[in-house]
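Colleague: Structure for the following, please:
(chains A and B)
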Amino acid sequence: MGRQLATFSVEGARYGVDVLHVQEALRFQARTPVPVAPPGVAGLVNLRGQVVLAVDLRVKLGLPPLAQGVEPMMVVVKVGSEPVSLLVDEIGDVIDVDDSQFETPPDTLDAALRDVLVGAYKLDGGLLLALDVEAATAA
Amino acid sequence: MEDLDEIVHEFLVESHENLDQLDSDLVALEGAPESRELLGSVFRTIHTIKGTSGFLAFNVLERLTHVGENLLVQLRDGKRVMDQPTTDVLLEMVDGVRALLRHIESDGTEGDVDVAPTVARIQAVLDGATAPAAPEAAEPEPATPEPVEPEPEPVDEGTVARTTVEPDEPAPTPDDAGTAEADLPQQRRPEPAPPRRKTVKKTPPPAVQQPSEPPPAASESAPHPVDPGEAPAEATRGAADGSIRVDVDLLDALMRQVGELVLARNAITRLADNVADVDLARASQRLSLIASELQEGVMKTRMQPIEHVWSKVPRMVRDVAAACSRQVRLEMTGGDTELDRSLLEAIKDPLTHLIRNAVDHGIEPPEDRTAAGKPAKGLVSLRAYHAGGQVVVEVIDDGKGIDSDRVAAKAVEKGLRTAQQVASMGQAELLQLLFLPGFSTAEAVTNVSGRGVGMDVVRTKIEAIGGTVDIESIMGRGTTWRLRIPLTLAIMPALTIECDEQLYAIPQVSLLELVALDAQTNDGSVEWVRGAPVYRLRGELLPLVDLREVFSGPAREGDGRTVIAVLQADTQRFGLMVDRVLNTEEIVVKPLSARLKSIGLYAGATLLGDGRVSLILDVQAIARRCMNGELGEADRHDQDAQSDVERDIEQVLITAIGEDRRIAIPLSAVTRLEKLPAASVERVANREVVQYRGAITPVVRLSNLLGGSASTGEELTVVVYTRRDRSVAIVVEEIIDIVDDDTAHHSDLGDRGLLGSTVLKDRVTELLDVHAAVTAGDPYFFDDEPADEATEAQGEVPAQNGAHRSGELVGV
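Modeller: Alright, predicted model coming up:
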């Protein structure tokens, strides 16, 4: 069984989200910070009149923040019926993957990271980590 | 009388709708005489009109529908088969009903519409029916002469002309109908005609229209003959034409779009403000106006009377009362108060809950009530009314009320509040505890009058729609639950404020006033009660919450200007300190991601004119978060004044003496403030004295005592300290203020006659050693005290002797 994953990269690693979950990919937009919000909440963005929550994947993945002056990209994914914007470093292609390439995340992985990953696809060019959208966007 | 008019109006609207249905039903019935469904529908309609007209005393209408109903009963019971003459008379009856309704609509009376001929014809058909299934042409015929008589009008010509035309039309219909058909137009004429003469002055136009009307009447659709009658009515817009049914989804979509329009309008307004273009400004103003009107209009379309929710209440109250053997009378007022339908839907459950509670737990059993001297029958009233841009819905019972002490005990027992916290709460605040999640458990039902059940859910639901709930309860007298609900959900006026370079919106309904603070000037600055900021607003202490602190943001710079938004939350008033206030604007509430709701500070989000997202502050939640416990009651200053003595906070009177020095006197050492004429000072030996309240009272001039220039005014400002029967008058230059003084901040820097110094109201203020000052005037003042106490009391004497002073502290 094959699937299509929309890919993006964060801190050099490639991640993928089922393309059916992805609503769109956008350049960075002005965000309104939300004081006292749980970590990882990067703010709110105005997506054509809709107020959408932005989640900083770097925080969720336990990575240091982007260097100053570098703007993240946004991948808008549907979680349930609600769109959530994921802040990523760069947006990649849509890739066909096969279930045979899939493997659950290795046990050695950091617990925080394991929580937000479904597993990894072993591709020729390297590993593609499949993101658990629900877990990654949970507050 | 107005109510009656409304009932009549509703009756008219409903009947007009029903009649249109009836027309098509009757015609369809002719094609399918066996259809019980259609018959049932027709019968119900006529029956309803008959019933209501009887109730509203429209006797002619009742008579007409009554015979019609009789005919329909026969049809329904299978004693008669639907045939053409039957259909005809029934349609004629419908026309008669319509004529009557029109008349009622125009002047509220049935007028002189003559239904006798129609009644007679229906009766004739009925009588003919005794010989069942004999729908002979002969039957209607005896009736025909009658209608011809009341028709000596010009219209007649048209009729006659048509009767000749007619026969070719009904040709395809069954043979026996031939004659009946010919009558038809005539029979029908009397009914539409009279109202036409009454409502419309011009007879010719209807006459012109007539040719088009009878053919269909004879052959098929009855609604048409009515048209000419209604055409003139259009001028006044009849009840039936005045309303249409619209899909709710369409209204919701409209509302959303209007919301977007309002946002776009806000954006344009903001742009126009930045450009000095008169035309643009004018266009923007006009857009603004139109958008507002459109918004108002669309909002109105979504309004429904609260009756829609209340209609089920009587039954529910009856059932609940029966189930828990209470006797309850229900009163409902203001059922016509209108609310946005989505809000109506949202308050349904909470309201039901409150009403059940009122019956179940509010109203006592009859025997308890009689024992308490109340009528055995309890009263539950529902009231709805508009107040200040909100709809207020009250559920009032005259039951036993809620025992706030038990609520307090329960809250402590459950660990929701500490005994200390509870002790400092007022009754209103204690009742608010009922809304705490966790308060509502099964146990609470038995212990606390059962009022805790699900109240947190009620509050959550009401607050979710931007409303508030509060309770008033008097033991033995009853309880009032008051819901305040915004008129509409989607759009609301809000104040935009800035805090830490971000914009936030505060719903206007919570806003009481704005106070601008300028740290540069001394007066009106923020004071501190044990680390908690307060502001003195027209003499009342207002607890302050700094939004920056709520957001754990960077601290405010000392010299920055701030604004206090005075907000009303539940029973508390508090001031929210923000950096800047921008403006008020209509904002469109956008739902907040579920992931952010748990923060509990935001009610939603909105888009500002420039497209930025802005968070809407949840005033209730902020108040609850920042002010549980003692601070919430800070505005009850009498209570505070007491506890301040126990704490390290002391209220002091700030006075001025010569050379711009400030001297603070503990308020507990102040019995009265007086102004005395300088000339009243007399001497005893080398001491100055005055006659004060019939006693010789020594005078102490602080300026002399503490070293400074003496005042030379004609009046002396005097602080009188009285203990037992002795008084000392302390002369100062000027009374400045009463402030809270935190003894922890005292410096021991001072001199003879002083206890030290501190900073009060941004000024270095010397602290008077009252003991020394008093003894300077009257060396024997403290002599009646045991020596050890006197020494221990050195300096702090007045504070400890507070109980002795005669509680009359009066400002000058």
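Colleague: Let me see the contact set for residue A:5.
Modeller: A:16, A:17, A:18, A:19, A:94, A:95, A:97, A:121, A:128, A:130 (CB atoms under 8 Å, 6 or more residues apart in numbering or on different chains). For every residue, glycine as well, the C-beta is placed using N, CA and C.
Colleague: and those residues, which of them are in helices?
Modeller: With helices defined by DSSP state H, no entry of the contacts of residue A:5 lies inside them.
Colleague: Specify which member of those is nearest to chain B.
Modeller: residue A:17 (17.5 Å; CB to the nearest CB).
Colleague: what sits opposite that closest one in the beta ladder?
Modeller: Beta-bridge partners recorded for residue A:17 (DSSP bridges): residue A:6.
Colleague: which residues touch it?
Modeller: With CB under 8 Å, 6+ apart, residue A:17 has these contacts: A:5, A:6, A:8, A:75, A:77, A:86, A:130, A:131, A:133.
Colleague: Closest to residue B:108 out of those residues?
Modeller: Comparing those against residue B:108 with CB to CB places residue A:77 closest, at 63.5 Å.
Colleague: If you count neighbours, what's buried in the helix or strand bottoming out on mean pLDDT in chain A?
Modeller: Using mean pLDDT, DSSP states H and E, helix A:111-116 stands out as the lowest-scoring helix or strand of chain A, at a mean of 78. Within helix A:111-116, the residues scored as buried using 16 or more other CB atoms under 10 Å in any protein chain shown are A:114, A:116.
Colleague: ok, that helix near chain B or not?
Modeller: No - for helix A:111-116, no contact with chain B is found by CB under 8 Å from any CB of the partner chain; the gap never falls below 14.5 Å.
Colleague: What's the separation between residue A:34 and residue B:654?
Modeller: Note on residue A:34: its distance to residue B:654, by CB to CB, to the nearest Å, is 44 Å.
Colleague: So the two - more neighbours on which side?
Modeller: With neighbours defined as other CB atoms under 10 Å in any protein chain shown, residue A:34 and residue B:654 compare such that residue A:34 has more, 25 against 20.
Colleague: about what we covered before: what about the contacts of residue A:17, which one has the most neighbours?
Modeller: residue A:131 leads these on contacts (other CB under 10 Å) with 29 neighbours.
Colleague: just to revisit the earlier point, in strands, which of the contacts of residue A:17 fall?
Modeller: Cross-referencing the contacts of residue A:17 against strands under DSSP state E gives A:5, A:6, A:8, A:75, A:77, A:86, A:130, A:131.
Colleague: and those as JSON lines, adding pLDDT and distance to residue B:430?
Modeller: Putting these into JSON lines (pLDDT from 0 to 100; distance: CB to CB, whole Å) gives the following:
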{"residue": "A:5", "pLDDT": "90", "distance to residue B:430": "58"}
{"residue": "A:6", "pLDDT": "92", "distance to residue B:430": "56"}
{"residue": "A:8", "pLDDT": "92", "distance to residue B:430": "54"}
{"residue": "A:75", "pLDDT": "92", "distance to residue B:430": "51"}
{"residue": "A:77", "pLDDT": "92", "distance to residue B:430": "47"}
{"residue": "A:86", "pLDDT": "92", "distance to residue B:430": "47"}
{"residue": "A:130", "pLDDT": "90", "distance to residue B:430": "54"}
{"residue": "A:131", "pLDDT": "88", "distance to residue B:430": "50"}
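Colleague: of the residues you listed, closest to residue B:537?
Modeller: The nearest one, if we look at the ones in strands among the contacts of residue A:17 relative to residue B:537 and count by CB to CB, is residue A:86, at 46.6 Å.
Colleague: Leaving out chain neighbours, which residue sits closest to the closest one?
Modeller: Computed as CB to CB, 6 or more residues apart in numbering or on different chains, the closest residue to residue A:86 that is not its neighbour in sequence is residue A:75, at 4.6 Å.
Colleague: quick one, what contacts the one you found?
Modeller: Contacts of residue A:75 (CB under 8 Å, 6+ apart): A:6, A:8, A:17, A:22, A:24, A:25, A:26, A:85, A:86, A:88, A:91.
Colleague: same deal with residue B:592?
Modeller: By CB under 8 Å, 6+ apart, the residues touching residue B:592 are A:51, B:602, B:603, B:604, B:605, B:615.
Colleague: who are the neighbours in contact with the most centrally placed residue in chain A?
Modeller: Residue closest to the average C-alpha location in chain A (CA atoms, centre = their mean): residue A:86, at 5.2 Å. For residue A:86, the contacting residues are A:8, A:17, A:54, A:55, A:57, A:74, A:75, A:76, A:77, A:136, A:137, by CB under 8 Å, 6+ apart.
Colleague: now the end-to-end length of stretch B:566-584.
Modeller: One end of stretch B:566-584 to the other measures 15 Å (CA to CA, to the nearest Å).
Colleague: for that stretch, which positions count as buried?
Modeller: Applying a neighbour-count criterion of 16+ other CB under 10 Å, one finds B:566-579, B:581 buried in stretch B:566-584.
Colleague: before we move on, what about stretch B:737-753?
Modeller: Neighbour counts over stretch B:737-753 (16+ other CB under 10 Å) mark B:738, B:739, B:740, B:741, B:742, B:743, B:746, B:750, B:753 as buried.
Colleague: Between all of the residues you listed, which two are separated the most?
Modeller: Within the buried residues of stretch B:737-753, B:740 and B:753 form the most distant pair, 23.4 Å apart (CB to CB).
Colleague: Secondary structure element for residue B:696, which one?
Modeller: Assigning secondary structure by DSSP states H and E places residue B:696 in strand B:695-701.
Colleague: now the contacts of residue A:5: which count as buried?
Modeller: For the contacts of residue A:5, a burial check counting by 16+ other CB under 10 Å picks out A:16, A:17, A:18, A:95, A:97, A:121, A:128, A:130.
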